[in-house]
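S.K.: I'll drop the sequence and a predicted model, then ask my questions.
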Amino acid sequence: MSDTLTVTSPATAAAAEARTRDGGPVLEALDLRQTFSEGPQAVTVLRGISFSVARGERIAIIGRSGSGKTTLLHLLGGLEQPSEGRVRLLGQDLSGARETDRSRLRNRHMGFVYQLHHLLPEFTALENVAMPVVIGGGSVAEAEQAATALLERVGLGQRLHHKPAELSGGERQRVALARALVTRPAVVLADEPTGNLDRDTAESIHQLIVELNESLGTSFVIVTHEDRLAALAHRRLRMEQGLLAEC
């Protein structure tokens, strides 16, 4: 794999974003394959997956446990490297980039939501949400302004200074969703985002995802076992035997 980015300068990065706004894909998987070694044996999890995500699209990825859905999400997010194939984010080669460049791309253009919120327990909701902006080079004032706006938008304007332990499960997941969106990313990757919540709380998060997707224009790729959440997607893709197919 190359250790350089296809697009690296601010000018060319801006050009790539402009092409995406004009109709190019936000995220592309190109013949992704992933094989793991288990003792003397090689286990192939992904067998050549190609698809693209349009701007503002909601995609649900469904399939049995152990079918490779989370592995695919990790490859799409640049958290793991594929055995073969490429991932492109806004036209830039994410899988072939140096780790520092991958981190920069992820911070600027991607958000992540997990089944467990992964909030930092010692920080308030405001501080947790503001952190990606600060890490990306923004000022504390800018970060807190953006974080406050997102937390108010997800219904937590009165909970800015509460720590995760002082919030309900649904509130913690709303904070995690606000954190994923605070940098206004091109795409959010969500792995079972409501799998740990009761039905009513999960339904409220489902509707919030739809509202934020439609109002912000951020694409969502969601791995889920929940039929109710998958039904809200523009497209449903099923993972089976290492391959991905339209439902």
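M.R.: In hand now; what should we look at? Residues are numbered from 1 along each chain as shown.
S.K.: where does the protein dip in pLDDT?
M.R.: Low-confidence segments of the chain, defined by pLDDT under 70, span residues 1-23.
S.K.: which stretches of it form strands?
M.R.: 27-38, 41-53, 58-62, 84-89, 92-93, 110-114, 187-191, 219-223, 235-240, 243-246 (DSSP state E).
S.K.: redo those strands as TSV? Include mean neighbour count.
M.R.: Backbone N, C-alpha and C define where each C-beta goes, glycine included. Formatted as TSV, these follow (neighbours: other Cβ atoms under 10 Å):
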stretch	mean neighbour count
strand 27-38	17
strand 41-53	16
strand 58-62	23
strand 84-89	20
strand 92-93	21
strand 110-114	23
strand 187-191	24
strand 219-223	25
strand 235-240	18
strand 243-246	14
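S.K.: between the ones you listed, which gets nearest to residue 124?
M.R.: Minimum separation from residue 124 across these (Cβ to Cβ) falls at strand 110-114, 18.9 Å.
S.K.: need the distance between the two termini of stretch 119-130.
M.R.: Distance between the boundary residues of stretch 119-130 (Cα to Cα, to the nearest Å) amounts to 12 Å.
S.K.: closest one to residue 166 among the strands of the chain?
M.R.: Residue 166 lies closest to strand 110-114 among those, at 20.3 Å (Cβ to Cβ).
S.K.: direction included, what does the closest one pair up with?
M.R.: Each strand pairing with strand 110-114, determined using DSSP bridges, is listed with its direction: strand 187-191 (parallel).
S.K.: what's in contact with the strand it pairs with?
M.R.: Outside of strand 187-191, the residues that reach it under the criterion Cβ atoms under 8 Å, 6 or more residues apart in numbering are 26-27, 53, 69-70, 73, 76-77, 89, 109-115, 180-181, 209, 218-224.
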